[in-house]
Structure formats: structure tokens, C-alpha cells
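> what's the 3D shape of this:
(chains A and B)
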Amino acid sequence: MSASITLARTPTVQYLLRIGDTCLIHAQRLSEWCGHAPILEEDIALANMALDLIGQARAVLTRAGQVEGHGYDEDQLASLRHERDFLNVTLVELPRGDFAFTVMRSAIMAAFFVRLWERLVDSVDPEMAGIAAKAVKESHYHWRHAGDWVIRLARGTDESKRRTVAALEAIWPYTGEIFDADAVDEAANALGIGPRWSELHPDWLTDLTELLAEAHLSLPAARAFRSTGKSGAHSEHLGYLLADMQYLQRAFPGGTW
Amino acid sequence: MSGIAGVSVGRCEQAWTALDGVLDPEVPVLSVRELGIVRDVVERGVGLEVVLTPTYSGCPATDVIEQGVREALESAGLGPVTIITRRAPAWTTDWISAAGREKLRAYGIAPPGPVRPDQLAPVRFHRPVSASTMVPCPRCASTRTERLSAFGSTACKALYRCLSCREPFEHVKPI
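Model (predicted):
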């Protein structure tokens, strides 16, 4: 097996990698909590949400590999690509932070994924439509669970509120990137693969506004700052994450068990 | 099915019977048929094609189930077996058979109620618990139960406790 792979960057492949990589990297961050969460129930919950996301990533990356056409499978895509070839949104690669940061990020991402899967159910690609039909139910459950925690922490003690407000402030600037329109979105939309992510913004914002109101938190102002993970230019954190995640396949190429 | 196809119908029927013996590795009282994940069995040449619909995207039992289905059919002389994964329509707990639900309850796992149409509506937080979302205790049938954890030992379950008999129990989440 060769050391690293680079995929042909057609718009459809990039569109699918954005989805699959965002699921995968988010799952990797959530799974870091396994054995470390503040209470046992949440340890189980975070690992379960990571498991759902890994399942979604496996299916979407498998599809991306098929569409790309060089015969790469899900494992090769996850383990043998370099940092610049991952197209996840930057938000999901940020370090896991404290529990408040983790549940706030999960709520924000789950709200986005609910809206994305809802639309992908109508994809002209039957494989993506099938993946979405399953995943939308899972993302709903994540949204409900993470949202409940945002409310509980924000309306809890002074300390939990302080941490929740700090998490929202830290995360919010990274949400802009998710909904920025570009040529990849346009092409995927024109081909009927999936929606422009910019179209998902109004519903996502309505969901978030409702959640934050319930949590007695105010919606942060929009920022000019833009992260660029969707086009492969990542924060300094992704390289370290991949070094950890890809270690076994890099050290023992093609190893199986 | 016409009489001419009688032989083929026989092979598929044999396959369905053999699948009664393939149990879910994580809930080993429930067959894959009762779980509702075997969607179709079709004759393909000398062998069979079996259509499976996974329960959850990340369910780690999926590979074990495929292997179990393959082994059961091949040892019944019905191979070679091709497994097709069909994701849409997505699996729902509504596909668990009535017999399967009763087996779950007898095993100590509260079976899922019907999936409510409003389940995928926009989430309203802090909703009051309605009677239709109450989960009766699989041991004493009391409806005085509470959820301890939204997630459980497997992707498909949540953890509950009965306030009458005080026993903890698992519940297959309706999806």
C-alpha cells in the first residue's frame, strides 16, 4: 500500500468529502471524551454520538471513494490523506475544550446536520439519499440531547453559565464558514447532489435562536472572521488530530486485525 | 407466486426459516427477522441475494449480523449468498414484529412504542411528557418510570428506572 493518497477534486467529490470529513473529525473529537466525561451517562452519550457520526462518515466516505473512481475505500480516505485534503469545517477540529464547549458545539453541528440531511433525502444520488434518511433521525436525537445540556448548563450555576457563555463566544465565529456559498456548493446543487449550504442558514438560525432563548443566552453578533477548513486550509489543530487518528495506518501500512 | 415458480419459492421460504435462527448479537433473544432488518430474499442464479437494512449508521453489530446471515444460509445449503445493504427506506423500530416486542419485554428490555409523527418536527425543549411517551416497566408494567440516560449500552437503547419496583431497565428508543 502506498503511503498517502490524493483524490481527484471534482466538485461532487469535494462536496461529499466536506460532509464525510466533518462527521469523521467531529466524531474523533467526541470520542476523546471516552473515559473522561464528567458523569458516566454522558461518557456513554458522547461515545454513542461519536459512533453515529463514524457510521455516517463511513457511508459518506465510501460513496466519495466510489464517485472519485480510483477505488479508494473508507479506511484509505480516513487514514491516508494529508491535512490539506481533509475538507471538514474548521469548527469540528477545534480541541474538545470543556464539557460546555463540547455540548455547545454538538448542538450547533447537530442543528446543521438535521437541516442538511433533510435536504439530502432528495439527492439524485440514491446512495446519499439513503444515508440521509437514516442519519437525519440520529442527528435529531443529538440535537435534542446536546440542546438539553446547553439549557441546563446555561441556567445552572454561575460557573456553568460562565463556561457556556464562553463556549458560545468561542464557537460562534467558526459558524460563518459553514454557510458560505462557493463553486463546490453551486456545482453540487446544479447536479442535484445536495443543497447549497447557504440555503440551510435561515432554518439553522431559527433553531439556534430558539435554543438560546430557552437557555437565556443571547445570539452573538455576526463576525467578519472566516475559517476555511471546507477548502482544505485548516487551523493548527487538525494536524495533531490526524497524527493521533492516522498513527496505526501510517506506522503499519495496510495493517488489519 | 405462480405454481411454475414453486421450486424457487421453496428456496426463498427455506431461507426465511433459516433466518429465524440468526439472532441479534446484542439482543440475543431477537432474530434478525423479528428485528425487521431483513427486507428481501431473492433468488440469484444458484444462490440467494439477501437485502439487509442497518438499524443505526454506526451499529457495530452490522458486520456480525451479515456474517451470521451468510453462515446460516450457506449451512442450510442455500448459498452462495450475496448481501445487499439497502439504506432507504431507513429502518424504523416500527418494523420490529409484535412477537419480537414481546420477546424484548420478557428479556427485560422495554420495547419501543410507535414512532410518533411529530418526532421529527422542530424540537421544542422542555416539553411536558405526554402519556404516549411513557415507557412501562418491562418487569412490573408500572408506568411510573423515569429516564436515567438518553443513551445506553448500545446505539439503539436508552436507560430507564422503574419508580415502583425500583429496577433499572433498558428501552429500545423509537426511531
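
> When you work out contacts or count neighbours from here on, use the C-alpha atoms and nothing else.
Noted.

> list the buried ones in the lowest-mean-pLDDT helix or strand in chain B?
Least confident element among the helices and strands of chain B, by mean pLDDT, DSSP states H and E: helix B:6-19 (a mean of 81). Buried residues in helix B:6-19, defined by neighbour count with 16 or more other C-alpha atoms under 10 Å in any protein chain shown: B:9, B:11-12, B:15-16, B:18-19.

> What parts of chain A come near chain B?
Applying C-alpha under 8 Å from any C-alpha of the partner chain, we find that chain A lies next to chain B at A:41-42, A:44-45, A:48, A:51-56, A:59, A:127, A:129-131, A:133-135, A:137-138, A:140, A:144-145, A:147-148, A:207, A:211, A:214.

> from those residues, which would you call buried?
Neighbour counting over the residues of chain A next to chain B (16+ other C-alpha under 10 Å) leaves A:42, A:44-45, A:48, A:51-56, A:59, A:127, A:129-131, A:133-135, A:137-138, A:140, A:144-145, A:147-148, A:207, A:211, A:214 as the buried ones.

> Could you single out the nearest of the buried residues of helix B:6-19 to residue A:242?
Nearest to residue A:242 among the buried residues of helix B:6-19 is residue B:19, at 41.5 Å by C-alpha to C-alpha.

> Can you give me the neighbour number for the closest residue to residue B:161 other than its chain neighbours?
Nearest residue to residue B:161 in three dimensions, chain neighbours excluded: residue B:168, at 4.1 Å (C-alpha to C-alpha, 6 or more residues apart in numbering or on different chains). Residues near residue B:168, counting by other C-alpha atoms under 10 Å in any protein chain shown, number 19.

> Enumerate every residue touching residue B:168.
By C-alpha atoms under 8 Å, 6 or more residues apart in numbering or on different chains, residue B:168 lies in contact with B:159-162.

> can I get the residues you listed in JSON lines with secondary structure and neighbour count?
Formatted as JSON lines, those follow (DSSP: H, G, I helix; E, B strand; the rest coil; neighbours: other C-alpha atoms under 10 Å in any protein chain shown):
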{"residue": "B:159", "secondary structure": "strand", "neighbour count": "21"}
{"residue": "B:160", "secondary structure": "strand", "neighbour count": "24"}
{"residue": "B:161", "secondary structure": "strand", "neighbour count": "21"}
{"residue": "B:162", "secondary structure": "strand", "neighbour count": "22"}
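
> Give the single residue among those residues positioned nearest to residue B:34.
Distances from residue B:34 to those, taken by C-alpha to C-alpha, are shortest for residue B:159, at 22.2 Å.

> so that closest one touches residue B:172, yeah?
No: in this structure, residue B:159 is not within contact of residue B:172 by C-alpha atoms under 8 Å, at 9.0 Å.

> For chain A, give me its nearest residue in chain B.
Chain A sits closest to residue B:58 of chain B, with a gap of 3.6 Å, by C-alpha to the nearest C-alpha.

> Find the nearest non-adjacent residue to that residue, please.
Closest residue in space to residue B:58, ignoring its immediate chain neighbours: residue A:55 at 3.6 Å, by C-alpha to C-alpha, 6+ apart.

> contacting residues around the one you found?
Residues near residue A:55 by C-alpha under 8 Å, 6+ apart: B:56-59.

> Which of those fall within helices?
Nothing among the contacts of residue A:55 maps onto helices, per DSSP state H.

> May I see the residues you listed arranged in CSV, with neighbour count and pLDDT as well?
Listed next are these as CSV, based on neighbours: other C-alpha atoms under 10 Å in any protein chain shown; pLDDT from 0 to 100:
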residue, neighbour count, pLDDT
B:56, 24, 89
B:57, 23, 87
B:58, 22, 85
B:59, 17, 84
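
> Surely residue B:41 is in a strand?
Yes: the assignment for residue B:41 is a strand, going by DSSP: H, G, I helix; E, B strand; the rest coil.

> what are the phi and psi angles of the residue nearest to residue B:58?
phi -60, psi -40 (degrees, to the nearest 10).

> Also residue B:110?
The phi/psi pair for residue B:110 (degrees, to the nearest 10) reads phi -70, psi 120.

> which residues touch the nearest residue to it once chain neighbours are set aside?
Excluding the flanking residues, the one nearest residue B:110 by C-alpha to C-alpha, 6+ apart is residue B:171, at 4.5 Å. Listed by C-alpha under 8 Å, 6+ apart, the contact partners of residue B:171 are B:109-112, B:135, B:157-160.

> In a markdown table, list these along with pLDDT.
Output for these, formatted as a markdown table (pLDDT from 0 to 100):
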| residue | pLDDT |
| --- | --- |
| B:109 | 95 |
| B:110 | 95 |
| B:111 | 94 |
| B:112 | 92 |
| B:135 | 92 |
| B:157 | 90 |
| B:158 | 92 |
| B:159 | 92 |
| B:160 | 94 |
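
> Show the buried residues in those residues.
Among the contacts of residue B:171, those buried by neighbour count (16+ other C-alpha under 10 Å) are B:109-112, B:135, B:157-160.

> Residue of the stretch 51-200 of chain A nearest chain B, please.
For the stretch 51-200 of chain A, C-alpha to the nearest C-alpha, closest residue to chain B: residue A:55, 3.6 Å.

> picking up where we left off before, and after the least confident helix or strand of chain B, which helix or strand comes next?
helix B:32-35 (DSSP states H and E).

> For that next one, output the C-alpha coordinates as PDB.
This file holds the C-alpha atoms of helix B:32-35, laid out as PDB (Å, rounded to 0.1, in the frame of the first residue of the first chain):
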ATOM      1  CA  VAL B  32     -32.900 -10.600  12.500                       C
ATOM      2  CA  ARG B  33     -36.300 -11.300  11.000                       C
ATOM      3  CA  GLU B  34     -38.100 -10.100  14.100                       C
ATOM      4  CA  LEU B  35     -35.900  -7.100  14.200                       C
END
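
> Would you agree residue A:207 is in contact with residue A:110?
No: Residue A:207 lies out of contact with residue A:110 (C-alpha under 8 Å); the separation is 10.4 Å.

> where in the chain is pLDDT low?
You didn't say which chain, so I picked chain A. Low-confidence segments of chain A (pLDDT under 70): A:1-2.

> sorry, should have said chain B
Ranges of chain B meeting pLDDT under 70: B:1-9, B:118-132.

> With that, I have no additional questions.
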